[in-house]
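Colleague: Starting from these lines, generate the structure:
(one chain, ligands or ions: 1)
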Amino acid sequence: QAPQPKPWIEAIHAYVPGKSASDFEGKDGRPLIKLSANENPLGTSEAALAARADAVVPSLYPDPDSNALRAALGKLHGIDPARILCGTGSGELLSVAASAYAGPGDEVLYVRYGFSLYDIVARRCGATPIVAPDDDYGTDVAALLALVNARTKVIFVANPNNPTGSFLPKGEIARLHAALPSHVLLVIDQAYAEYVAPEDDDGALSLAASSANVLVTRTFSKAYGLAGERVGWATGSTKVIEVLNRIRGPFNLSNSAQATALAAVGDQAFVDRTRLHNREERARFAGKIEALGNDGLRAIPSEANFLLVLFEGPLTAEAAYEGLAERGYIVRWLPGQGLPQALRITIGHRRDMDAIAAALREMAEAAR
Ligand code: PMP
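Modeller: This is a model prediction of the structure:
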């Protein structure tokens, strides 16, 4: 008899990433524009690229503890590096957090339309995923709290959330944390935090500094433009970080990943440019979607680098997805996440966002 996976592993569906350009035929030699994975349209900091070119030492293992990068992150955010752990993308850290604190018989809680990886990381450690209802596509703190019980071990809240872009202000995050029993680990996934205006900070890093049961995760995949290098980090109490450190992958950041991310931390001007570009183009694109309100299009207010556009009129999300692909734009259609009526569109360059808005208008008029 062949080896049998554990029953809870059998129940997992593999993570479905956004489509890549290679999944489509380019038409008339035009390049395909990928706005399906929330990558940075401005690319990567020049300083980071230069450091990457110098970093390659393939024959030697990297620093197992990413010490220089942790020191730089600690300095930037005012955190003791002993409270920082780096991961192969923040995805690794979400996974080790669930594995360390939840197992068979336990519950892992998150909101409907939360990040799809939460389901996988909950199931892979044998825990039961519990999904709280949303509040018009946003995170509903009361609904989450109503589902907390003695079996709840981990709560995942992405802020801003993916795929909706919705954001919980500081007061709501504080209210959620204050009402939680101390045995529950609250994981605040800040993959898109750099896109939030500094004055709207949700207070997650301070909570992680002052509480024994808060873990904050961050990534270099979005605003730092380093999705391909696979770098994430997390901060929590010394105890939580020490526990997660035991089970993360050894040598989990390559030489090039450490060197590139270190230089990227040093180029905050690039991150600032990214935030400002995103803020301006997101508002411009949202305005154009709002103008299509009579055709049933609606964008959920977003603090991230994408907009979730709902199709509640004659033009369906599926038809819009296909029409955009025909025009060379790859966006994210999410039927597998219970959102067959929505497209998640990464904010790209102005010319592309204008072209997408014009194409949506054309398709909506044709569908009337
Ligand atoms: N959290 C959220 C909310 C995300 O959207 C993503 C990327 N899609 C991640 C975590 C994981 O990103 P990475 O592993 O590249 O850091």
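Colleague: Residues touching stretch 125-133, excluding its own?
Modeller: The contact list for stretch 125-133, computed with C-beta atoms under 8 Å, 6 or more residues apart in numbering, reads 6, 8, 98-99, 102-112, 114, 118-119, 122-123, 140, 143-144, 146-147, 151-154. In this view, the C-beta of every residue, glycine as well, is placed from N, C-alpha and C.
Colleague: ok, now with 6 Å
Modeller: Stretch 125-133 has contacts (C-beta atoms under 6 Å, 6 or more residues apart in numbering) with 8, 98-99, 102-104, 106-109, 111-112, 119, 122, 143-144, 147.
Colleague: What about those residues, which are in helices?
Modeller: Taking DSSP state H, the ones among the contacts of stretch 125-133 that sit in helices are 8, 98, 99, 119, 122, 143, 144.
Colleague: The fourth one: neighbour count?
Modeller: Neighbouring residues of residue 119 were enumerated by other C-beta atoms under 10 Å; the total is 20.
Colleague: try the first one
Modeller: Using other C-beta under 10 Å as the criterion, residue 8 is surrounded by 16 other residues.
Colleague: Tell me the spacing between the closest residue to it other than its chain neighbours and residue 106.
Modeller: Sequence neighbours aside, residue 126 is the residue nearest to residue 8 in space, at 4.6 Å (criterion: C-beta to C-beta, 6 or more residues apart in numbering). Distance, residue 126 to residue 106, by C-beta to C-beta, to the nearest Å: 8 Å.
Colleague: same question, residue 18
Modeller: 31 Å.
Colleague: re the thing from before, could I have the buried ones of the contacts of stretch 125-133 as PyMOL selection syntax?
Modeller: Filtering those down to the buried ones (16 or more other C-beta atoms under 10 Å) takes a single PyMOL command:
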select buried, resi 8+98+99+102+106+107+108+109+111+112+119+122+144+147
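Colleague: wait, which of the ones in helices among the contacts of stretch 125-133 is closest to residue 329?
Modeller: Comparing the ones in helices among the contacts of stretch 125-133 against residue 329 with C-beta to C-beta picks out residue 119 as the nearest, at 27.9 Å.
Colleague: Give me the average confidence score over the helix or strand containing residue 216.
Modeller: Residue 216 is part of strand 214-219 when elements are defined by DSSP states H and E. For strand 214-219, the mean per-residue pLDDT is 98.
Colleague: same thing with stretch 249-256?
Modeller: The average pLDDT for stretch 249-256 rounds to 97.
Colleague: And it, how far out from the chain middle?
Modeller: Stretch 249-256 sits 21 Å away from the centroid of its parent chain (C-alpha atoms, centre = their mean, to the nearest Å).
Colleague: What residues sit buried inside that stretch?
Modeller: Buried residues in stretch 249-256, defined by neighbour count with 16+ other C-beta under 10 Å: 252, 253, 254, 255, 256.
Colleague: Can you tell me which of those residues end up in helices?
Modeller: 255, 256.
Colleague: What parts of this structure come near the ligand?
Modeller: When proximity is defined as C-beta under 6 Å from any ligand atom, the chain approaches the ligand at 89, 90, 91, 115, 158, 162, 189, 191, 219, 221, 227, 232.
Colleague: For this structure, give me the ranges with low pLDDT.
Modeller: For the chain, the stretches with pLDDT under 70 are 21-22, 24-29.
Colleague: Can you name the residue of it nearest the ligand?
Modeller: Across the chain, the shortest distance to the ligand (C-beta to the nearest ligand atom) belongs to residue 89, at 2.6 Å.
Colleague: which residues does that residue contact?
Modeller: Residue 89 touches 230, 232, counting by C-beta under 6 Å, 6+ apart.
Colleague: surely residue 297 meets residue 289?
Modeller: Yes. Using C-beta atoms under 6 Å, residue 297 is in contact with residue 289, at 5.4 Å.
Colleague: For those two, indicate the residue with more neighbours.
Modeller: Neighbour tally, residue 297 and residue 289, criterion other C-beta under 10 Å: the higher count belongs to residue 297, 25 against 19.
Colleague: for that one, what are its contacts?
Modeller: By C-beta under 6 Å, 6+ apart, the residues touching residue 297 are residue 289.
Colleague: Any idea what it is bridged to?
Modeller: Counting by DSSP bridges, residue 297 is bridged to residue 311.
Colleague: Distance of it relative to residue 348?
Modeller: Look at residue 297 and residue 348: by C-beta to C-beta, they are 18 Å apart.
Colleague: same deal with residue 339?
Modeller: Remark: distance between residue 339 and residue 348 (C-beta to C-beta) = 21 Å.
Colleague: So these two - more neighbours on which side?
Modeller: Between residue 339 and residue 348, counted using other C-beta under 10 Å, the more crowded position is residue 348 (25 against 20).
Colleague: Spell out the residue ranges of the strands in the protein.
Modeller: Using DSSP state E, the strands of the chain run over 33-34, 84-87, 107-111, 128-132, 152-158, 185-189, 214-219, 232-235, 297-299, 306-311, 329-330, 332-334, 339-346.
Colleague: In its sheet, which strands sit next to the fifth one, and in what direction?
Modeller: What it means is strand 152-158. Strand 152-158 is paired, per DSSP bridges, with strand 107-111 (parallel), strand 185-189 (parallel).
Colleague: what's the distance between that strand and the middle of its chain?
Modeller: The gap between where strand 152-158 is centred and where its chain is centred comes out at 15 Å by C-alpha atoms, centre = their mean.
Colleague: quick check: domain ranges of this structure?
Modeller: Each domain of the chain is listed here as a residue range: 7-43+269-367, 46-267, per automatic domain parsing.
Colleague: will you turn those into JSON lines that also has distance to residue 1?
Modeller: Formatted as JSON lines, these follow (distance: least, C-beta to C-beta, whole Å):
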{"stretch": "domain 7-43+269-367", "distance to residue 1": "15"}
{"stretch": "domain 46-267", "distance to residue 1": "22"}
